[in-house]
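Peer 1: This is the structure alone, sequence omitted:
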């Protein structure tokens, strides 16, 4: 008389607990990256439209106020924030090595925008150019030059984009991809009728009588 050998059975509770924890961690990192990236890009774009530097220029024995917004000082943070937004969306459209590359682009966009914003906080060229335009004197300079806090706000937003990129680099492999469920939409599916029939009790017993393994997939 034959005997059935014992087969180790994985612990279902532990497996489910581990999978649930990994899934929960992936969802949290995904939500955090989306929030940080979108918020950071919004902050950078809004800050670029604010006044970064202001002062006065001499005109005909008097003075006129001169000011320059972030876009006049440097367009780099705005451009990189747009690139960062595009990369944030593209992270979910690619997989494997492509996702790593796009995540790196997202992080670099944030880092570059932050550096450009910090450098723009002490830039005087845009204000001098505005003074020359107003006075008609190319040698005109600005007096009473002051810088606002907006460049640092933009830099803070850029750092949020950088954080989103670092999260994508660290946890992006576990995130879902857009359209993944449709990857094999064009491929013919194996008919399920045979499988359904094989699941009936009488067919399982017949397979066992023939010495076949009814659990084996063809």
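Peer 2: Received the coordinates, thanks. Keep in mind the model is a prediction, meaning the values are calculated, not measured. Numbering: from 1, shown residues only.
Peer 1: Find me the pLDDT at the nearest residue to residue 69 once chain neighbours are set aside, would you?
Peer 2: Nearest-residue entry for residue 69: residue 51, 5.5 Å, with adjacent residues in sequence omitted and distances by C-beta to C-beta, 6 or more residues apart in numbering. (C-beta placed from N, C-alpha, C; glycine too.) With respect to pLDDT, residue 51 has a value of 93.
Peer 1: do the same with the one 4 residues further on
Peer 2: Here the pLDDT value assigned to residue 55 is 85.
Peer 1: cool, the one 3 residues further on as well?
Peer 2: We note a pLDDT of 79 for residue 58 in this prediction.
Peer 1: Three-state assignment for it, please.
Peer 2: Following DSSP: H, G, I helix; E, B strand; the rest coil, residue 58 is assigned to strand.
Peer 1: wait, the residue nearest to residue 69 sits on residue 67?
Peer 2: Yes. Using C-beta atoms under 8 Å as the test, residue 51 is close enough to residue 67 to be in contact (5.0 Å).
Peer 1: quick one, what contacts residue 99?
Peer 2: By C-beta atoms under 8 Å, 6 or more residues apart in numbering, the residues touching residue 99 are 91, 168, 172-173, 175, 177.
Peer 1: Between all of these, which two are at the greatest distance?
Peer 2: 168 and 177 (12.5 Å; C-beta to C-beta).
Peer 1: Show me which of the two is the more surrounded one.
Peer 2: residue 168 (29 against 16; other C-beta atoms under 10 Å).
Peer 1: excluding its backbone neighbours, what's nearest the more buried one?
Peer 2: Spatial nearest neighbour of residue 168, chain neighbours left out: residue 103 (3.6 Å); criterion: C-beta to C-beta, 6+ apart.
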